[in-house]
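Sequence first, then the predicted structure:
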Amino acid sequence: MSRPGSGTKPAGKSLKVRVKTGKGRTPSQKIWLERQLNDPYVHEARKLGYRSRAAFKLTEIDDKYKFLKPGGRIVDLGAAPGGWCQVAVKRVKAEEGKGKVIAIDMHGMDPISSVTIFKKNFLDEDAPQLLIEALGGEKADCVLSDMAAHATGHRQTDHINIMALAEAGYDFAKQVLKPGGTYLAKVLRGGTESEILKLMKKDFASVRHVKPMASRDDSAELFVLAMGFRG
């Protein structure tokens, strides 16, 4: 498994912020809020105008593997709130008219310059065709999937749910990618993540797990990166 990134995290606050219970917060909400307030990537995202800390995950992976290229056509599945779209727009130079970024998410998402956004569940029967039509008869250079199901608190169930989303994205990627294209998807450790790698190796020249530095150490989150689509 690759661990792309600079090896150093953004400088955070020197004093750890602690959150008191009360005000209707549950212990789990308290833990989440403390983690957000003390996360250097959250502070850096705000400073740079990114909508989420997830932007750094895509940045780190692309810095190493360089699949977001000027003029590229990108489809972003599960795009809200838009951090990955912001990175993709900049790297394919969509605002200069050289590339194209298409995003879909079942949740609302504020507009992003040069991004075509669909508010729709990717698993809806007609969703793939909407994205294909938005590509305007062209093949995609890259399909990104940061899709995640709502957490149940049961690790194995959450693992199965997110793997199902990654496989759905993979099936779509095979329809729309041009030869040489890339598929990047979020998965979770849990025992079956190696199975999707076996499937992808039939269709891509290289397949690997990556965990960027911006992905929390205590998180089961991984990304599967498949490059060199055979078509």
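Ah, there it is. Numbering: from 1, shown residues only.

where are the low-confidence patches of the chain?
Applying pLDDT under 70 to the chain picks out residues 1-3, 6-43, 45, 49, 191-192.

now the strands for it?
Along the chain, counting by DSSP state E, strands occupy 73-77, 100-105, 115-119, 140-145, 177-188, 204-210, 221-229.

Make CSV from those strands and add distance to Ala151 to it.
In this view, the C-beta of every residue, glycine as well, is placed from N, C-alpha and C. Output for the strands of the chain, formatted as CSV (distance: least, C-beta to C-beta, whole Å):
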stretch, distance to Ala151
strand 73-77, 18
strand 100-105, 17
strand 115-119, 22
strand 140-145, 17
strand 177-188, 10
strand 204-210, 21
strand 221-229, 12
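
Compare these and give me the one nearest Lys93.
strand 100-105 (10.4 Å; C-beta to C-beta).

Any chance you could list what contacts the closest one?
72-80, 82, 85, 88-89, 92, 94, 109, 112, 114-120, 122, 127, 130-131, 134-135, 138 (C-beta atoms under 8 Å, 6 or more residues apart in numbering).

now stretch 122-134
Counting by C-beta under 8 Å, 6+ apart, 75, 77-78, 102, 104-106, 116, 118, 120-121, 147, 165, 168-169, 172, 175-176 sit against stretch 122-134.

Quick one, which of those are buried?
Listed as buried from the contacts of stretch 122-134 are 75, 77-78, 102, 104-106, 116, 118, 147, 165, 168-169, 172, 176; burial here means 16 or more other C-beta atoms under 10 Å.

now the helices: where do they sit in this protein?
27-37, 40-48, 54-65, 83-92, 127-134, 155-176, 193-200 (DSSP state H).

Tell me which residue lies nearest the centroid of this structure.
Asp146 (3.1 Å; C-alpha atoms, centre = their mean).

Is that one in contact with Ala54, as I believe?
Yes - taking contacts as C-beta atoms under 8 Å, Asp146 lies within contact range of Ala54: 6.2 Å.
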